[in-house]
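J.: could you look at this predicted model? Sequence included:
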Amino acid sequence: MSPRLNEIWVYLAASPLIGLTATLVAYLLAHRIYARARFSPLANPVMIAVAILVTLLAITGTPYKTYFDGAQFVHFLLGPATVALAVPLYLQLPKLRAHALPLLGGLAAGSLAAVVSAVGIAYVLGATPEVARSLAPKSVTTPIAMGVSEKIGGLPSLTAVLVIMTGIIGAASATALLNVLRVRNDTVRGFAIGVAAHGIGTARAFQLSQEAGAFSALGMSLNGVLTTIVVPVLAAWMPH
C-alpha cells in the first residue's frame, strides 16, 4: 500500500463505521458469489465473507480489535436474530408436540457424539488438554461455546474459530450427507443440522424449507442448553 493510501486508511480505520461497512460489503459480495454458484453449500457466504475480511485486515495491517469496534454492531444483532427464530418454531408447534420424544433422543445422541468424538480424536492425535477442552463445545453457538470453554479451562478464542469452522463444514456437507443416508423428512433434517452446525447450519436449513429451519433453530437452542450442562460434567474426567 502506498504511503498516501496508508494514511487515508489509518484515518478511516479510526472510525468504527469502517468495520461495520467492511463486514456488510464483504457479506454482500459473498452472497453474490453464492447466488452465482446457484446456492451451492460449498460456496457458503459466511466462509467467503470471513476469507475476504481476513485478507483485508492482513493487507491493511488493521488490528482485529479496531475492526471489531465497528463489527460489534452486527454481533449485537445475533441476539435478537436468535430470539426471532422462535416465530417459525411456534408455527410448527403441533409437529413439535408430536415428535417431542424422538427429538429429545436425537438431541442427547447428537450432543454427546459431538463432544465425545471431538475430544477423543483430539487426544488420539496428541492435542494438549487445553486444546481438547477448547474443542468440547464446538457444536453450539459462539457465545455459549466461549463461555463453556472458559469455564472448563479451554481457550475461548480458539473455541470461537472452531465453532465457525464447524458451522461452515456442517452447512456445506449436511444436505449431501443426509441425502446419502436417505433422510428426507424436513423435521429430522432440520433438527440434525441445528444440533450439529448451530446458527450457520440453521441459515442453511431455512433454505431447504421453513419447517427445516424452524426445527434447526430448536436443535441449536436445545443443544446449547444441554452442552452447558454436560460438558462441565465431562470435563471433570478429562486429563489436565
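T.: Great, that's in hand. Residues are numbered from 1 along each chain as shown.

J.: where does the protein have low pLDDT?
T.: 1-16, 82 (pLDDT under 70).

J.: how is it divided into domains?
T.: According to automatic domain parsing, the chain comprises the domains 3-76, 84-235.

J.: next one: the shortest one to chain centre, how far?
T.: Which is domain 3-76. 18 Å (C-alpha atoms, centre = their mean, to the nearest Å).

J.: any idea how far His198 is from the spatially closest residue to Ala197 that is not a sequence neighbour?
T.: For Ala197, ignoring the flanking residues on the chain, the nearest one in space by C-beta to C-beta, 6 or more residues apart in numbering is Gly170 at 2.6 Å. Placement of C-beta: from N, CA and C, glycine included. Gly170 sits 8 Å away from His198, going by C-beta to C-beta, to the nearest Å.

J.: the helices in the protein, which residues?
T.: All helices of the chain, identified by DSSP state H, fall at 3-13, 16-36, 45-60, 64-76, 78-84, 86-91, 93-98, 100-124, 129-135, 142-151, 156-180, 186-208, 210-235.

J.: in the fourth one, what's buried?
T.: Okay, so that is helix 64-76. Thr66, Tyr67, Asp69, Gly70, Ala71 (16 or more other C-beta atoms under 10 Å).

J.: quick one, that helix and helix 45-60 angle?
T.: 160 degrees (axes from the mean of the first three to the mean of the last three C-alpha atoms, to 10 degrees).

J.: can you name every helix or strand that helix 64-76 contacts?
T.: Helices and strands touching helix 64-76, as assessed by 3 or more C-beta pairs under 8 Å, 6 or more residues apart in numbering; DSSP states H and E, comprise helix 16-36, helix 45-60.

J.: how about those in CSV, adding mean neighbour count and distance to Ile193?
T.: As requested, these are exported to CSV (neighbours: other C-beta atoms under 10 Å; distance: least, C-beta to C-beta, whole Å):
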stretch, mean neighbour count, distance to Ile193
helix 16-36, 16, 17
helix 45-60, 17, 14
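
J.: reformat those as a markdown table; add distance to Leu158.
T.: What follows is the helices and strands packed on helix 64-76, written out as a markdown table (distance: least, C-beta to C-beta, whole Å):
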| stretch | distance to Leu158 |
| --- | --- |
| helix 16-36 | 22 |
| helix 45-60 | 16 |
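
J.: buried set for stretch 149-168?
T.: For stretch 149-168, burial by neighbour count (16+ other C-beta under 10 Å) applies to 149, 152, 154-156, 158-160, 162-164, 166-168.
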